[in-house]
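Trainee: Dropping the sequence and predicted coords here.
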Amino acid sequence: MTASANFLVGTTASGKSGIAQYIAEREGQLIVSADSMNLYRGMDIGTAKPTANERKTADYAGFDLAEPTEKFNVAAYLDAVRPSFESGREIIVAGGTGLYVKCLTEGFDVVSPENSNLRKELEALDFQTLEKRAQTEATELFEKLTIDDQKNPRRLVRILERTAGVPPAPQHSSWNSRPKPKLIGLHVEREVLLQRIEKRVEQMYADGLLAEAEQLLKLDLSQTAMQAIGYAEAFAAIKGEMTLEQAKEKTIIRTRQLAKRQMTWFRNQLNVEWIDTAKFQTLENLAEAVSNAWKTIGPTPIVF
């Protein structure tokens, strides 16, 4: 399949969704979300999905692909958005989930099928044992992790899952041997980003996050949905395990940490040309800069 898209990446609260919306309204592109939390139905406020009015003025894909009770992975995401790229429409891919972006631009690396027994075994290990196994059984992937991710048990479990049963190189392809196309990203100064994150969290609660979370708690949620940033804290507030202010503060902290991890991924795994948002006073001017950057580098081929 031959397809291409204009990519706009950035951390959470960087403003990429607003820019994509503005350009799509003006020029008629289809926006494909590359955000791993936007795919869950009923999780709208805490994931900052486009509003109903925004969806009336621009076309979207990559949203509401699964119930929050379901497991969902990047392979399922690629299958779900494939028809959008086969539609022949001009597409903007906007999102902060680096893995989704990487799979769209560089292909889906060969991985082992999901093994629930292996995951349970790995999750039961203490950190020191898990770290040692990752260093010996998934050496290449371990060494490519950031320092923070090397101390993150969930990351270690994932790389061990990826290597289990996968033939050693050169029998399967490696992302590192593939070209990294240039993408456009929005860079926001740290202090400005932190202010935006705090404002967003306050707005989430003002928009009814607790009521949305109460409805979700009636379901048998997947582990991913239960632990989602913003929702985990809202659930705790509803259950009386945190005060409202504690829930807000914890959400702010986790969102800051997410933004840091996202930027680390973009810098280490992707080839991004950053646009400094501080140089632009209006959304319109920033959108024009993004459009011009896309014209300069040309559309990015999609790899399925």
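Mentor: The structure has been received and is ready for your questions. Numbering: from 1, shown residues only.
Trainee: Only C-alpha atoms from now on, for both contacts and neighbour counts.
Mentor: Noted.
Trainee: Please enumerate the helices of the stretch 1-150 of the chain.
Mentor: In the stretch 1-150 of the chain, the segments counted as helices under DSSP state H, counting those that start in this stretch are 16-27, 52-57, 74-85, 98-106, 116-123, 127-137, 139-144, 147-150.
Trainee: likewise the stretch 151-300 of the chain?
Mentor: Using DSSP H, counting those that start in this stretch, helices in the stretch 151-300 of the chain cover 153-163, 190-206, 209-216, 223-226, 231-238, 244-269, 283-297.
Trainee: pLDDT below threshold where in this protein?
Mentor: Residues of the chain meeting the criterion pLDDT under 70: 1, 109-115, 140, 144, 146-148, 163-177.
Trainee: mind redoing it with 90?
Mentor: In the predicted model, the chain carries pLDDT under 90 at residues 1-2, 71-75, 99, 107-179, 223-224, 268-269, 304.
Trainee: For it, which residue occupies the most central location?
Mentor: Nearest residue to the geometric centre of the chain (CA atoms, centre = their mean): residue 97, 2.1 Å.
Trainee: Let me see the contact set for that residue.
Mentor: 34, 35, 36, 262 (CA atoms under 8 Å, 6 or more residues apart in numbering).
Trainee: wait, the second one sits on residue 93?
Mentor: Looking back up the chat, that one is residue 35. No: using CA atoms under 8 Å, residue 35 makes no contact with residue 93, being 9.8 Å away.
Trainee: Looking at the two, which has the bigger crowd around it?
Mentor: Shown here are residue 35 and residue 93; by other CA atoms under 10 Å, residue 93 has more neighbours (25 against 22).
Trainee: quick one, what contacts the more buried one?
Mentor: Per CA under 8 Å, 6+ apart, neighbours of residue 93: 5, 6, 7, 8, 31, 32, 33, 34.
Trainee: Kindly indicate which of the residues you listed lies nearest residue 210.
Mentor: Nearest to residue 210, judged by CA to CA, of the contacts of residue 93 is residue 33 at 24.6 Å.
Trainee: Would you mind measuring from that closest one to residue 183?
Mentor: As judged by CA to CA, to the nearest Å, residue 33 and residue 183 stand 15 Å apart.
Trainee: do the same with residue 38
Mentor: Applying CA to CA to residue 38 and residue 183 gives a distance of 21 Å.
Trainee: on that earlier part again, could you dump the contacts of residue 97 to a markdown table with distance to residue 83?
Mentor: As requested, those are exported to a markdown table (distance: CA to CA, whole Å):
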| residue | distance to residue 83 |
| --- | --- |
| 34 | 15 |
| 35 | 17 |
| 36 | 18 |
| 262 | 27 |
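Trainee: If you rank those residues by neighbours, which is first?
Mentor: residue 34 (28 neighbours).
Trainee: mind checking how far the closest residue to that one other than its chain neighbours is from residue 143?
Mentor: The shortest distance from residue 34 to any non-neighbouring residue, by CA to CA, 6 or more residues apart in numbering, is to residue 95 (4.3 Å). The gap separating residue 95 from residue 143 is 26 Å, by CA to CA.
Trainee: what's the answer for residue 255, then?
Mentor: In this view, residue 255 and residue 143 are 26 Å apart by CA to CA.
Trainee: out of those two, which sits in the more crowded spot?
Mentor: Between residue 255 and residue 143, counting by other CA under 10 Å, residue 255 is the more crowded of the two (21 against 12).
Trainee: which ones are touching the more buried one?
Mentor: Contact criterion CA under 8 Å, 6+ apart gives 12, 197, 229 as the residues in contact with residue 255.
Trainee: Swap in 7 Å and give it another go.
Mentor: residue 229 (CA atoms under 7 Å, 6 or more residues apart in numbering).
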